[in-house]
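**Q** Predicted model follows, preceded by the sequence.
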Amino acid sequence: MGYAINRPQVEIEIEGEDDLQSNVRFESNLSAYVGKCWDEAKTAKTTIVERLLKCERQRRGEYDPDRMMEIQRVGGSDIYMMLTDVKCRAAEAWISDVMLNQQDRVFDLKVSNTPQMPPEMRRNIIDLVRMEAEQFIAEGGELHPETFRARMEEVHEAISMRLKQEAEDAARRMSDKIEDQLGRGKFQPELKNFINDFTTFPSAIMKGPVIKRRKGMAWGPEFTPIVMTEFVEEFERVSPYDIFPAPASTGVNDAYLIQRHRLNANSLQAMRGTPGVDNDALQTVIDRFAMSGYRTWIQGDNEERVLAGKPFRYPLLSGEVETIEFWGSVTGQYLVEWGMTDIDPEEIYEINAWWTDGIMWKVVLNPDPLGHRPYGVASWEDVPHSFWGVALPEIMRDNQTMCNAAARSIANNMAVASGPQVEVTVDRLPDGEQITEIYPWKIWQATSDRTGGGQPAVRFFQPSMNAQELLGVFMQFAKQADEVTGIPNYVYGSSAVSGAGRTASGLSMLMDNASKGIKQAIAAIDGVVAGMVQKLYIHNMMFDSDPYIKGDFRVVAKGAIGLLHKETLQMRRNEFLMATANPIDSQITGVEGRAYLLREAARGLQMDTNKIVPDQNSMEEQKIQARAQMLAQQMLQQMANQMQPQQVVAAPQEALPGGMPAEGTAVPQQVPQMADGGMVPNTAEQVLRSLANTNLMQ
C-alpha cells in the first residue's frame, strides 16, 4: 500500500529587503505590534510575579520582606519551619516515581477507528469469490446461492482482521519511534524539572517538540571523528518567570503568548541561514549585543536570581542577549511588508516571531496544521478560564504561617523560660555593681532596706514554660496541612501514624485512599505528556518517509490510570492466567487467546515478548504447516489403502451432519459439497494468500 507524503509549507523563506523604505514600514508595523504586546504582557504579569516569588520563598524557607520586617521589629526568633518544602518534595517524589521511574513508557497509541477496507479491495474480493465459484461449477459441483454470500462474508472478515492487525502493528512501530525521539530530545530530564515547577508554582510549562540543529559526532575510517549536523526534536521546561501570556489569556492557544530567552553569541550564530531568518537583521543583533550583552530588568528578576543562588546583579559582559519569542495572530499585510510571498493581505495568520530590542530578525508561520503552539501548561489545582492555577504552597500557606508563628513562640518562650528572671532594687546596690552578669557563687552587695520592710534587694523568679501548649498548636496546624494538600505524613515515611496505619493492611488501605488525591495532579501532567506525544505523532505523520508507521492513532497517557495500578494489574493478570489454566477454558480461549495472555504478562514483567511467545503471524504459519502435514498423512494413508485391493474397509467412516467426513479420516476423491450443495470454503489463511497473490494487500 503506497503512501503519498504531502509536506505543507511549514516555514516560509523571506525575501531580501533592499529598499530602505520597506524596512521603515516593517519597523513601524510588525515590530511595533510585537513590542506593544511585550509591554502589555509585562505589565499584566506584575501580580503573578509576586505570587511566583511568594511560592518560591515559601518553599525555600524564607519570609516575605514585609513579614521579616515585622519579626525584626518585635525581636526574637526568625525560625522558619520547612513544612511546605517537605510536602512539595513528597509530592515531587511521588509523581516522579510514577512518571519517571517506570520501565514502561508513559504513553500508548491506540487505533482510533476500525480500518476501512478500500473500494478496490472490495471489488477484488468479489472477483476472487466469483472465480472460485466458476472453478467449483466447472469441476462438476453444485453451487447454492446462499453459499456465495457466506463465502464473501468469510473473506471480508478475514481481511478486516488482517487490516486491524496491521494497524495495531503500525501503532506499535510509531510508539517505538516516538519513544526514541523523546529519549533523544531530553524529554525525561526536562519532565523532572517540570514536575519541580508543578509542585512549587501556580503553573508549570513544558515546550516541545522544537526542531533544533545540533552537532553530533560519528566515526569514520580508522576511527576518525566526523562532526555532523543533525536536526533533533527537543523538549524544554520553561520557567514560569519567562512566560508572558496575554492579559485575558486562558491557555496557551488563545490570544498571544510570549517567551523570554537569554541567548549567547553561539546560539544566535547557529540560527543563521535557517528558514525564516533575516540574516542581515540577525547580524545587526550579533554586532550590537554579542559582546556587551542586552538585558531589560523587570520586576522580580533580581530576587529570582537570589533565590536561585545567583548574584544579585551580574555584569552584562557575560554576553547574554535577551530575546523574546512571540506566538500570535497578525494580519497578512504585516507579513507581506516583512517579505513573505503567497500571503493574502486580508487573511489572519498564526506566526512565530523572534524580536530583540526592536529588531525583528525571524518570522515563520506556525507549522502546526491546527495552529496549536508547542507548549503545555499544568497546575496543581486548575482555575477555570485562567492561565494560572493555584500552587501547592498557596493551598497550605495559612497552615505554614501558623506553624511558623507557633515555632517562633516556642523558641522565644524557651529562651525566656530557660533561666530565672531577676528583680533588682537598684538604689540598694553599691556603685559599680554589674547587675547584667549572673554566674555561680556570685555575691550580691546591698545596703539595708530603708523602708524597714526587710525585702531583699535581689529577687529571682522563674517564668512559666508554655512549650507544650504551643507544640499542640503546631501539631494541629501541621496535621491540617495533611488534609488541605492531600499528602499525609505517612506517604513520605513518617512513623507518627495512629489507628489503621499501625497495621500493614491498614496502612496499605490508607495509602490507596491517599493516592486518589495525587491522581488528579498526575492527570494534569498526563494532559501535557499527551500533548507533547500528539505533536510528535503529527510531525511524524507529516514528514516521516516510513509508510509502515502511518495510521489513524489516538494518544493515551498512562500516568494516572495505568502506572499507579501497574502492580495490581499485573497481579490480577497472573491470577487470571492461573484460573484459566484448565482444559475447559483452553477450549474457549484457544491457542491464540492463551498466547495473548502470556504475551501481555511477559510485557508487564519488562521481558522481550518475541523471544517468549511467537507473534500472531508465526502462529498462523505453524497452523498452516500442521494442517499441511495432516493432509499429507491422510493422502499417504489413502495411497496405502489403494495398494491393498483385496482388503475391504468394512467399518463406515464417521460422518458429520451433511455428509462431511470427520477430521482425521481419509478424504474421498470427489468434489466436496456442503449440506446445501454449495462449495466448501477455504481457510482464512488460504484466502489471505490468494489475496496476496492477486496484489490485494499491496
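**A** Looks like it came in fine.
**Q** for the stretch 351-500 of the chain, what spans make up the helices?
**A** Secondary structure of the stretch 351-500 of the chain, counting by DSSP state H, counting those that start in this stretch: helices at 392-395, 397-417, 467-485.
**Q** and the direction of the last one versus that of helix 397-417, what angle?
**A** I take that to be helix 467-485. 170 degrees (axes from the mean of the first three to the mean of the last three CA atoms, to 10 degrees).
**Q** low pLDDT regions in this protein?
**A** Low-confidence segments of the chain, defined by pLDDT under 70: 1-28, 101-104, 114-118, 142-143, 312-318, 490-517, 559-571, 603-612, 614-619, 644-698.
**Q** Can you tell me the centre-most residue of this protein?
**A** What sits nearest the mean C-alpha location of the chain, by CA atoms, centre = their mean, is Val529, with 2.3 Å.
**Q** before we move on, the earlier item: for the helices of the stretch 351-500 of the chain, which one sits closest to Glu433?
**A** Shortest distance between Glu433 and those, using CB to CB, is found for helix 397-417: 23.9 Å. (Glycine included, C-beta is placed from N, CA and C.)
**Q** What is the closest one packed up against?
**A** Judged by 3 or more CB pairs under 8 Å, 6 or more residues apart in numbering; DSSP states H and E, helix 397-417 is in contact with helix 46-60, helix 83-99, helix 467-485.
**Q** how about a cut-off of 10 Å?
**A** Other elements packing on helix 397-417 under the criterion 3 or more CB pairs under 10 Å, 6 or more residues apart in numbering; DSSP states H and E are helix 46-60, helix 65-74, helix 83-99, helix 467-485.
**Q** Could I get these in a markdown table, plus columns for mean neighbour count and distance to Tyr334?
**A** A markdown table is the format used below for the helices and strands packed on helix 397-417 (neighbours: other CB atoms under 10 Å; distance: least, CB to CB, whole Å):
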| stretch | mean neighbour count | distance to Tyr334 |
| --- | --- | --- |
| helix 46-60 | 19 | 28 |
| helix 65-74 | 11 | 43 |
| helix 83-99 | 21 | 41 |
| helix 467-485 | 16 | 47 |
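**Q** Redo those as JSON lines? Include distance to Gly319.
**A** Below are the helices and strands packed on helix 397-417 laid out as JSON lines (distance: least, CB to CB, whole Å):
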{"stretch": "helix 46-60", "distance to Gly319": "25"}
{"stretch": "helix 65-74", "distance to Gly319": "32"}
{"stretch": "helix 83-99", "distance to Gly319": "33"}
{"stretch": "helix 467-485", "distance to Gly319": "43"}
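**Q** if we compare those helices, which one ends up closest to Trp327?
**A** Trp327 sits nearest to helix 46-60 of all the helices and strands packed on helix 397-417, at 18.4 Å, using CB to CB.
**Q** now the closest one, how far from the centre of its chain.
**A** On the basis of CA atoms, centre = their mean, to the nearest Å, helix 46-60 sits 25 Å off its chain's mean C-alpha point.
**Q** In JSON lines: the helices of the stretch 351-500 of the chain, plus distance to Thr447.
**A** Below are these laid out as JSON lines (distance: least, CB to CB, whole Å):
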{"stretch": "helix 392-395", "distance to Thr447": "61"}
{"stretch": "helix 397-417", "distance to Thr447": "30"}
{"stretch": "helix 467-485", "distance to Thr447": "39"}
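**Q** Under a three-state scheme, what state does Glu346 occupy?
**A** Following DSSP: H, G, I helix; E, B strand; the rest coil, Glu346 is assigned to coil.
**Q** so what's the closest residue to it other than its chain neighbours up against?
**A** In space, and not counting its chain neighbours, Glu346 is closest to Gly332: 6.3 Å by CB to CB, 6 or more residues apart in numbering. Contacts for Gly332 (CB atoms under 10 Å, 6 or more residues apart in numbering) come out as 340, 343-349.
**Q** Looking at these, which one is closest to Arg51?
**A** Distance to Arg51 across the contacts of Gly332 (CB to CB) is lowest for Ile348, with 32.9 Å.
**Q** For that closest one, name its beta-bridge partners.
**A** Note on Ile348: beta-bridge partners Thr331, judged by DSSP bridges.
**Q** separation between it and Trp327?
**A** 14 Å (CB to CB, to the nearest Å).
**Q** And Glu346, by the same measure?
**A** From Glu346 across to Trp327, the span is 22 Å (CB to CB).
**Q** If you count surrounding residues, which of these two has more?
**A** Comparing Glu346 with Trp327 by neighbour count (other CB atoms under 10 Å), the higher total belongs to Trp327, at 21 against 8.
**Q** beta partners of that one?
**A** Partner residues in beta bridges with Trp327, using DSSP bridges, are Leu257, Asn352.
**Q** which residue packs closest to Ser96, ignoring adjacent ones?
**A** Closest residue in space to Ser96, ignoring its immediate chain neighbours: Ile195 at 5.8 Å, by CB to CB, 6+ apart.
**Q** ugh, typo on my part, it should be Ser379
**A** Spatially, and ignoring its direct neighbours in sequence, Ser379 is nearest to Gly389 (2.4 Å; CB to CB, 6+ apart).
**Q** show me the contacts for that neighbour.
**A** Contacts for Gly389 (CB under 10 Å, 6+ apart) come out as 198, 201-204, 377-383, 524.
**Q** Take the residues you listed and keep only those in strands.
**A** 204, 377-378 (DSSP state E).
**Q** Which one of those sits in the busiest neighbourhood?
**A** Highest neighbour count within these, by other CB under 10 Å: Ala204, with 27 neighbours.
**Q** That one bridge partners, please.
**A** Beta-bridge partners of Ala204, as defined by DSSP bridges: Ala378.
**Q** Who are the contact partners of it?
**A** Residues in contact with Ala204, defined by CB under 10 Å, 6+ apart, are 193-198, 237-240, 376-380, 389, 391, 524-525, 528.
**Q** do Arg373 as well
**A** 207, 251-254, 256-257, 259, 327-328, 350, 352, 366, 535.
**Q** of these, closest to Thr43?
**A** Tyr256 (14.2 Å).
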